[in-house]
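>>> here are the coordinates; sequence isn't available:
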C-alpha cells in the first residue's frame, strides 16, 4: 500500500482482556518497528523485525507483550491480560533495510484500558 | 537510556521567527533523522542527514550534524502557526526517540 496502515484506530479493553493490534507496512519494506507512546511523551521503542525475524525485543515491557511477523509483512502486537498502564498509542513504522529514507509511521492505535 | 535527546523541551516563538532545536546522541550513527508529530497524529519524517554530511536543506528546514560533538540541530525559518508540533530526532541505527521539543508558534 501507499502508507503504513494500523488497525483498529481505537480500542477500548477491559482490564484483563487480551488485545491484538495489526500493522500493514509499506510493501517491500524489510524493517518493521513497534513503539508505545504515552500522552505527552516521546515514542518508546518496543520491538524490531527484519523480514520475519524479530531482531530486538528489548523494549517489550513485560512477558504480556508479544509481537510477530510470520510472513515478513503484516505484524501483530498482542497484549495479554491488559492493565491500565498499557493505555497508550501504539505506533508501527516500516523502512527499507538501512532506513536510508527514514521510517514511515502509521497513524497508531489508541488503546484505552478501563 | 535515550539515544536521541532533544533540547529545549519546549519552545514558544512568534510567527515569522526562526526556531532552533538541538539533538544530542550517544553512539556512532550512519544517519540522523528528524520527525514532526502534530497533536494526536502519527510521526512524519522531515529530513535525514547522513554521517558524512554536515548540513542539509529542505524548504524552510535546515539540519546540521556535528559527529565530533554527537549533536544535530534543526532550524525552521520563517515559522508558521502550522509548524506547531513536537519534533523528535532519532538515529538510523538506534531506534530510540528522545522526549522531543514541543514547539508553539504564536500567530
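Looks like it came in fine. All of these numbers come straight from a predicted model, not from anything done at the bench. Numbers count the residues shown, from 1 in each chain, chains lettered A, B, ... in the order given.

>>> Which strand or helix spans the residue of chain A found nearest chain B?
Evaluated by CB to the nearest CB, chain A has residue A:102 as its residue closest to chain B, separated by 3.8 Å. For the C-beta atoms, the positions are set from N, CA and C on the backbone; glycine is no exception. Applying DSSP states H and E as the criterion places residue A:102 outside every helix and strand.

>>> With adjacent residues omitted, what lies nearest to it?
In this structure, residue A:102 finds its nearest non-sequential neighbour in residue B:45, 3.8 Å apart by CB to CB, 6 or more residues apart in numbering or on different chains.

>>> Where does the most centrally placed residue in chain A sit, in terms of helix or strand?
Relative to the mean C-alpha position of chain A, the nearest C-alpha, by CA atoms, centre = their mean, is the one of residue A:34, at 3.4 Å. According to DSSP H and E, residue A:34 maps onto strand A:31-37.

>>> which other helices and strands contact that strand?
Counting contacts by 3 or more CB pairs under 8 Å, 6 or more residues apart in numbering or on different chains; DSSP states H and E, strand A:31-37 is packed against strand A:44-50, strand A:75-79, strand A:88-95.

>>> is it possible to export those strands to CSV including mean neighbour count?
Formatted as CSV, the entries for the helices and strands packed on strand A:31-37 read as follows, by neighbours: other CB atoms under 10 Å in any protein chain shown:
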stretch, mean neighbour count
strand A:44-50, 20
strand A:75-79, 20
strand A:88-95, 24
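
>>> Now tabulate these in TSV and tack on mean pLDDT and distance to residue A:60.
As requested, those are arranged in TSV below (pLDDT from 0 to 100; distance: least, CB to CB, whole Å):
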stretch	mean pLDDT	distance to residue A:60
strand A:44-50	94	6
strand A:75-79	98	9
strand A:88-95	95	12
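
>>> a markdown table please, covering these and showing distance to residue A:4.
Below are the helices and strands packed on strand A:31-37 laid out as a markdown table (distance: least, CB to CB, whole Å):
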| stretch | distance to residue A:4 |
| --- | --- |
| strand A:44-50 | 13 |
| strand A:75-79 | 10 |
| strand A:88-95 | 5 |
